[in-house]
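Visitor: My questions are about this predicted structure, shown below with the sequence.
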Amino acid sequence: MTAQPIYEPDPDDPIEILHVLPRTYHEQFLAEYTSAVDQARRPEQYRRLHDLLRLWRLRAVAYSDPGYDARLAAAPSGSEADFVPVEQVIPDWPGGRTAR
């Protein structure tokens with residue numbers, strides 16, 4: 001009997017993202033991914049590729065949820081006062097300040 005390696009897919013892998021992401025978003029994801037890969041050739045831009053993949057992974061989960069369209073339609077489209085800054089929701093958001 002031989003041991004088989006356990007493969008756990010990386011959720012930030014572009015292929016995994018494409019598996020979850022509805023087809024209507026594939027073109028946009030691939031365009032942004034291609035641009036980020038080109039920019040990531042410069043060391044100071046590498047982190048942006050990582051951040052883009054994480055963001056698209058989260059988008060893929062949201063977009064593929066059956067209730068997404070209804071929640072989007074019900075979301076407020078009014079003033080800035082209706083929204084919470086991303087820095088308050090995700091304290092280590094790149095370029096943001098930490099939540100207080």
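Guide: Everything's here; your move.
Visitor: tell me how far the longest helix along the chain is from the chain's mean position?
Guide: What stands out as the longest helix in the chain, according to DSSP state H, is helix 46-64. Relative to its parent chain, helix 46-64 has a centroid offset of 2 Å by Cα atoms, centre = their mean, to the nearest Å.
Visitor: Same question for that helix: list its buried residues.
Guide: L49, L52, L53, W56, R57, R59, A60, Y63 (16 or more other Cβ atoms under 10 Å). Glycine gets a C-beta too; all of them are placed from N, C-alpha and C.
Visitor: now, which of those sits nearest H19?
Guide: A60 (8.4 Å; Cβ to Cβ).
Visitor: Surely that closest one is in contact with V20?
Guide: Yes - when contacts are counted by Cβ atoms under 8 Å, A60 is listed as touching V20 (4.0 Å).
Visitor: Give the rounded mean pLDDT of stretch 17-37.
Guide: For stretch 17-37, the mean per-residue pLDDT is 96.
Visitor: If you could redo that for stretch 75-89, that was the one I meant.
Guide: The model assigns stretch 75-89 a mean pLDDT of 74.
Visitor: follow-up on the earlier one: give me the contacts around the longest helix of the chain.
Guide: Under the contact criterion Cβ atoms under 8 Å, 6 or more residues apart in numbering, helix 46-64 has outside partners 11-14, 16-17, 20-22, 25, 29, 32-33, 36-37, 39-40, 68, 94.
Visitor: at 10 Å what do you get?
Guide: 10-14, 16-22, 24-25, 28-29, 32-33, 35-42, 68-69, 71-72, 90, 93-95 (Cβ atoms under 10 Å, 6 or more residues apart in numbering).
Visitor: hang on, the earlier thing: quick check: the farthest pair among the buried residues of helix 46-64?
Guide: Longest span within these, Cβ to Cβ: L49 and Y63, 20.4 Å.
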